[in-house]
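>>> I'd like to go over a predicted model; first the sequence, then the structure.
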Amino acid sequence: MRYMTAGESHGPEEMAIIEGIPAGLTLTADMINQQLQRRQKGYGRGARQQIEHDTVAILGGVRHQQTLGSPITLNVHNRDHNNWADIMDPNIAETPENSTRKVLRPRPGHADLVGGMKYGHANDLRNVLERSSARETVMRVAVGAVAKTLLAEVGIDVHGFVVNIGPVRTPLEQLTDFADLTALRAQSEQFETRTLDAETDQAMRELIDQTKRDRNTVGGTVEVIATGVPAGLGSYVAANTKLDSRIAQAIVSINAFKGVEFGGGFANAEAFGSEVMDEIGWQADRGFFRTSNHLGGFEGGMTTGEPIVVKGVVKPIPTLYRPMESVNIATHETDRASIERSDTTAVPTAAVIAEAMVAITLAQAMLDKFDADQLVRFKAQVDQYRTELKEF
Ligand SMILES: Cc1cc2nc3c(=O)[nH]c(=O)nc-3n(C[C@H](O)[C@H](O)[C@H](O)COP(=O)(O)O)c2cc1C
Ligand SMILES: C=C(O[C@@H]1CC(C(=O)O)=C[C@@H](OP(=O)(O)O)[C@H]1O)C(=O)O
């Protein structure tokens with residue numbers, strides 16, 4: 001399964017084409033819209049999310065709510081395009097009237113300067129920021145919704161949670177029961193943590209409010225857990241077949257993500273081997289299992305059959321309303337960076353996007369391993385494989 005997205009942040013549309021989803025999967029716009037709505041929630045975002053009401057149009061690859069096996073085409077309209085129509089119109093040449101809102105003072109931490117140097121956009125760095133914007137992640141979440149729908153057919157569930165925003169951490173106890181990820185979600189639509197007491201919820205809001213008043217931004221950490229994943233996805237035989245490395249790539253491909261860890265991750269570097277390896281057990285009704293999950297569900301680049309637990313580090317938003325020092329690319333004079341309308345934090349949204357990226361990567365691994373033509377055969381092969389694993 002592969003996919004591609006296209007679209008500029010203030011352009012008319014965001015688009016995605018997915019190739020390789022089996023025929024016979026029930027898919028509706030509502031299923032995708034539920035995930036798009038989750039992406040739009042989250043305390044700390046700017047005014048853009050009030051303008052957008054992201055809803056998907058399914059334009060190809062589906063008939064009577066069933067996938068056909070042909071490429072699935074998805075589309076999300078940018079409502080904000082109305083406010084940028086002349087400036088962003090693909091079909092109207094540049095004129096003095098529509099050549100406004102130029103970006104000439106690159107923002108440190110954003111793609112502006114290097115993107116401009118690379119593609120030769122010396123006239124306007126907007127040509128960079130329109131695509132480097134995390135607006136693109138709306139389509140990743142749409143593609144992720146399709147992946148999650150497929151994975152649910154074979155009992156795989158994937159969920160993203162907020163771990164911390166700046167110094168405010170959710171009370172994150174070691175998980176022993178991964179039975180129901182949806183139930184694990186604390187009842188907080190704003191933060192999507194897996195445990196959240198009123199005090200922490202309040203502390204997070206206060207931190208974000210204070211950061212906004214300070215005209216600053218704040219980052220954090222998110223965690224994605226995937227359950228029901230069979231052992232043996234990915235392989236140790238070659239560098240590019242190791243599934244943990246593909247998941248790491250998928251996470252760091254998201255705007256602003258700067259680090260990844262599996263299971264105990266960086267803390268494992270300070271522990272002894274006896275505290276880190278997951279001991280092996282066997283029961284007739286389960287087959288092989290582990291008594292702990294310090295390694296986050298991977299050995300040798302392969303899934304162990306235990307839940308996948310992966311965390312991602314989200315840096316603070318680069319655009320500051322109290323801009324940092326920069327240089328005007330037209331005059332080469334020192335100046336303050338441009339201010340574009342911006343979020344204070346995007347960590348809660350980042351959890352939903354990271355979930356989508358893990359779901360996409362797992363769906364790809366499953367479709368590499370099992371039949372990708374039709375859902376019935378795909379499911380039968382997964383069942384058969386699970387039986388073989390249990391009987392090993
Ligand atoms: C959901 C989300 C929303 C974001 N919103 C903003 C924003 O409002 N302003 C901004 O400067 N950066 C924002 N970013 C971060 C930039 O897109 C990102 O830092 C930039 O593309 C440079 O890429 P890099 O940080 O991966 O190096 C956001 C990121 C995510 C994941
Ligand atoms: C549009 C989204 O996020 C945007 C990501 C983003 C950036 O620079 O990454 C900058 C902001 O864009 P704008 O200036 O239009 O408000 C965010 O709102 C979205 O998530 O749907």
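Arrived safely. Ligands and ions are numbered 1, 2, ... in the order given.

>>> when you work out contacts or count neighbours from here on, use the C-alpha atoms and nothing else.
OK.

>>> tell me how far the closest residue to Glu340 other than its chain neighbours lies from Ala380.
Distances taken as Cα to Cα, 6 or more residues apart in numbering put Thr319 closest to Glu340, at 6.7 Å, once the chain neighbours are dropped. To Ala380, Thr319 is 50 Å away according to Cα to Cα, to the nearest Å.

>>> need the contact list for the residue nearest to Glu340.
Thr319 makes contact with 107-110, 217, 338-340, 342, according to Cα atoms under 8 Å, 6 or more residues apart in numbering.

>>> among the residues you listed, which lie within helices?
Per DSSP state H, helices hold no members of the contacts of Thr319.

>>> just put these in JSON lines and tack on neighbour count and distance to ligand 2.
Converted to JSON lines, those look like this (neighbours: other Cα atoms under 10 Å; distance: Cα to the nearest ligand atom, whole Å):
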{"residue": "Arg107", "neighbour count": "25", "distance to ligand 2": "10"}
{"residue": "Pro108", "neighbour count": "17", "distance to ligand 2": "12"}
{"residue": "Gly109", "neighbour count": "13", "distance to ligand 2": "10"}
{"residue": "His110", "neighbour count": "18", "distance to ligand 2": "7"}
{"residue": "Thr217", "neighbour count": "25", "distance to ligand 2": "13"}
{"residue": "Ser338", "neighbour count": "22", "distance to ligand 2": "11"}
{"residue": "Ile339", "neighbour count": "16", "distance to ligand 2": "9"}
{"residue": "Glu340", "neighbour count": "13", "distance to ligand 2": "5"}
{"residue": "Ser342", "neighbour count": "18", "distance to ligand 2": "5"}
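
>>> for this protein, which helix or strand comes out least confident on mean pLDDT?
The weakest-scoring helix or strand in the chain, judged by mean pLDDT, DSSP states H and E, is helix 181-184 (a mean of 72).

>>> in the very next helix or strand once past it, what counts as buried?
Later in the chain than helix 181-184, the nearest helix or strand by DSSP states H and E is helix 198-213. Residues of helix 198-213 classed as buried: 200-201, 203-205, 207-208, 211-212 (neighbour count, 16 or more other Cα atoms under 10 Å).

>>> can you redo those as CSV with distance to Glu52?
Converted to CSV, these look like this (distance: Cα to Cα, whole Å):
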residue, distance to Glu52
Thr200, 29
Asp201, 25
Ala203, 28
Met204, 24
Arg205, 22
Leu207, 25
Ile208, 22
Thr211, 24
Lys212, 21
